[in-house]
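> Would you be able to build a 3D model of this:
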Amino acid sequence: MEPSSPQGSNHFSVLSSYSACDVSDALLKLQQQDSGEILHAGYLADIVPYAPFPQHLGSFKGQPKVIGPASTLKLVARNSITSPLPESGPNAIPKGQHWVDLTDEGTVMVIEQPEGQSCAAIGGIMALRMKTRGAKGCVVGGRVRDLEELNNCGLPVWARGKSTVGAGAQSKVFGRNIDVTIGGVRISPGDIIFCDPLEGVVAIPRNLLDKVISMVPKLVAADEKIKGDLQRGGNAASAFRTHRG
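Numbers count the residues shown, from 1 in each chain. As a prediction, the model looks like this:
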């Protein structure tokens, strides 16, 4: 399935006035809990900005939120017995082509990297090509490298960590625009990726986007009332009962 954004950029504009925490609050109410399931509320744990301004080089102040539909790439271990998807399939990389040359314009590329790898999933060259292909950003469930190049190319890049080693040392491509998982959160092509430089990254299932858009203002308004009660000397228990129900 190709990534798409049927709701349009107006929804993204509305979302941008809220935080990733507000979005997760809405998802926590909307998503159903199965027995024993951990509710992630869309949060991609430990994913932080590495470009254009990584946290260790400057402030988050002034960094814009990045919001867009997901396109996806799944990597598997190089020595895995798992074979890439057939080259003739819609989600494979055709013979003689590179996955980065197939980057979908207007999307946030989401890359699943096998847990525990010390290599990088992308570096400066991949980021530059994604940028020239019109990607809005890249979220890596793993590591990145070439930080100076990442920052120079202007593509917002988020990841768990960094490395000096290229992806080929430990990884190979399995397929593109298929479901991927980062930190226990399943992401499908076309789901909405909400990158908040201050708070973190949240994935919104596209079938819940309209409901999130509708619910977030109500939750934020309730929180403002709670804070107002507390500033006037009220107690938290009463304020939560009154405004959150």
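> CA atoms only: put the strand ranked longest in the chain into CSV for me.
The longest strand of the chain (DSSP state E) is strand 66-77. The C-alpha coordinates for strand 66-77 follow below in CSV (Å, rounded to 0.1, in the frame of the first residue of the first chain):
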residue,chain,number,x,y,z
VAL,A,66,7.5,17.7,11.3
ILE,A,67,4.1,16.0,10.5
GLY,A,68,3.4,13.8,7.5
PRO,A,69,2.3,10.4,6.2
ALA,A,70,4.7,7.6,6.7
SER,A,71,6.6,5.7,4.0
THR,A,72,8.4,2.8,5.4
LEU,A,73,11.5,0.6,5.0
LYS,A,74,12.2,-2.6,6.9
LEU,A,75,15.8,-3.8,7.5
VAL,A,76,16.7,-7.2,8.7
ALA,A,77,20.0,-8.6,9.9
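> Pull the distance from it to the chain's centre.
8 Å (C-alpha atoms, centre = their mean, to the nearest Å).
> which helices and strands does the helix or strand following that strand pack with?
Using DSSP states H and E, the next helix or strand after strand 66-77 towards the C-terminus is strand 108-112. Judged by 3 or more C-beta pairs under 8 Å, 6 or more residues apart in numbering; DSSP states H and E, strand 108-112 is in contact with strand 66-77, strand 137-141, strand 180-182, strand 192-196. To be clear about C-beta, it is placed using only N, CA and C from the backbone, and glycine gets the same treatment.
> for stretch 31-47, which positions count as buried?
Buried residues in stretch 31-47, defined by neighbour count with 16 or more other C-beta atoms under 10 Å: 40-44, 47.
> For it, measure first residue to last.
22 Å (C-alpha to C-alpha, to the nearest Å).
> and that stretch, how far out from the chain's middle?
14 Å.
> export the longest helix anywhere in the chain as CSV, just CAs?
Longest helix in the chain, counting residues (DSSP state H): helix 209-231. Provided in CSV are the C-alpha atoms of helix 209-231 (Å, rounded to 0.1, in the frame of the first residue of the first chain):
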residue,chain,number,x,y,z
LEU,A,209,-6.6,10.8,12.7
ASP,A,210,-10.0,12.5,12.5
LYS,A,211,-10.9,11.4,16.0
VAL,A,212,-7.5,12.6,17.3
ILE,A,213,-8.1,16.0,15.7
SER,A,214,-11.5,16.2,17.3
MET,A,215,-10.4,15.0,20.7
VAL,A,216,-7.2,16.9,21.3
PRO,A,217,-8.7,20.4,21.7
LYS,A,218,-11.2,19.1,24.3
LEU,A,219,-8.4,17.4,26.3
VAL,A,220,-6.2,20.5,26.2
ALA,A,221,-9.1,22.7,27.3
ALA,A,222,-9.8,20.3,30.2
ASP,A,223,-6.2,20.4,31.3
GLU,A,224,-6.2,24.2,31.2
LYS,A,225,-9.2,24.2,33.6
ILE,A,226,-7.4,21.7,35.9
LYS,A,227,-4.4,24.0,36.0
GLY,A,228,-6.6,27.0,36.7
ASP,A,229,-8.2,25.2,39.7
LEU,A,230,-4.8,24.3,41.0
GLN,A,231,-3.5,27.9,40.7
